[in-house]
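Q: Below is the sequence, then the predicted model.
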Amino acid sequence: MNTLRPLLPPTAPNPSRLSRFMRFAPIAVAVLLMCIGVNYLSGAPAERTPSGDIAIARTGKLLGDMSTFTLRLAYAGQQDKPYYHLLLSVPALPVNDRDNPFHQQARITETQAKKIIELLSKDGFFAVALDGNRNQGPVPPKESYYSLTVGIANGRNPILFEEWLTFRPLLFQRLDGLQKLLDGDAAKGMDFLITRLSGHRRAMKQ
């Protein structure tokens, strides 16, 4: 004959174990947060993204032919007084705009060109720039803007990347970053261009 065991009340938690858990829980949480913070501050590389892969591929293409690298900044829009254009070139400069003071030109070295590419890569340019050889694409902004174009000759098949920069903080972020890399006539030309935009910079801060 089976006998039923009497139902026992649920076992109460052991007070000593509970107190030990409560004492060490904050320490465990602190250690976990510290590990997360160290990993974040260590600058560990983020996961690869499609835009990141595109930027890496584009940068690699330009670095393959630094001897023909050029950078152009060209203004598009209405103007009561001319805005400066700027051409920075590793190869010899063209002669067609040399007599126009608002079309600044300067030779740069391959070392400078490489620094420019590295800066634009870190600055996100290559992830968002348009393919200069596209058959069709977005319509340019209706408001005034600067086009920033970098490229190489690549034989008879130029490789070009272009970004349209309206008068927003990103324009000055690009220009200020480039100016810090340049020297000589290249720096002088960039300074002319940036100084002409000083009114727009002040207007953004108001």
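A: Everything's here; your move.
Q: which residues in the chain form strands?
A: 70-76, 85-89, 103-107, 130-131, 145-152, 159-166 (DSSP state E).
Q: Mind giving me the packing neighbours of the third one?
A: In other words, strand 103-107. strand 85-89, helix 184-196 (3 or more C-beta pairs under 8 Å, 6 or more residues apart in numbering; DSSP states H and E). From N, CA and C alone the C-beta is placed, and that goes for glycine too.
Q: ok, and which of the ones you listed has the densest surroundings?
A: strand 85-89 (a mean of 22; mean count of other C-beta atoms under 10 Å).
Q: how far off strand 70-76 does it point, in degrees?
A: 170 degrees (axes from the mean of the first three to the mean of the last three C-alpha atoms, to 10 degrees).
Q: returning to that earlier point: figure out which of the strands of the chain is closest to residue 187.
A: In terms of C-beta to C-beta, the element of these nearest to residue 187 is strand 103-107, at 8.3 Å.
Q: Nearest residue to residue 201 in space, ignoring adjacent ones along the chain?
A: residue 172 (5.9 Å; C-beta to C-beta, 6 or more residues apart in numbering).
Q: Please name the residues that touch that neighbour.
A: Neighbouring residues of residue 172 by C-beta atoms under 8 Å, 6 or more residues apart in numbering: 194, 197, 201, 204.
Q: Filter those residues down to the buried ones, ChimeraX style.
A: Burial among the contacts of residue 172 is assessed by 16 or more other C-beta atoms under 10 Å; the matching ChimeraX selection reads:
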select :194,197,201
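Q: right, so of the strands of the chain, which gets closest to residue 63?
A: strand 145-152 (9.0 Å).
Q: Sheet partners, orientation included, of that closest one?
A: strand 70-76 (antiparallel), strand 159-166 (antiparallel) (DSSP bridges).
Q: hey, where'd the helices end up in this structure?
A: 15-41, 50-63, 110-122, 125-128, 169-181, 184-196, 198-205 (DSSP state H).
Q: mean pLDDT for those: which is lowest?
A: Confidence, taken as mean pLDDT, is least for helix 15-41 of the helices of the chain (a mean of 42).
Q: Looking at the strands paired with strand 145-152, spot the one closest to residue 62.
A: Among these, strand 159-166 comes nearest to residue 62, with 6.7 Å by C-beta to C-beta.
Q: mind listing what the nearest residue to residue 140 once chain neighbours are set aside touches?
A: Excluding its sequence neighbours, the residue lying closest to residue 140 (C-beta to C-beta, 6+ apart) is residue 164, at 5.9 Å. Residue 164 is in contact with 130, 140-141, 145-147, counting by C-beta under 8 Å, 6+ apart.
Q: switch to 10 Å and redo it
A: 76, 129-130, 138-141, 143, 145-149, 171 (C-beta atoms under 10 Å, 6 or more residues apart in numbering).
Q: so how far is residue 96 from it?
A: Separation of residue 164 from residue 96 (C-beta to C-beta, to the nearest Å): 24 Å.
Q: And for residue 147?
A: 18 Å.
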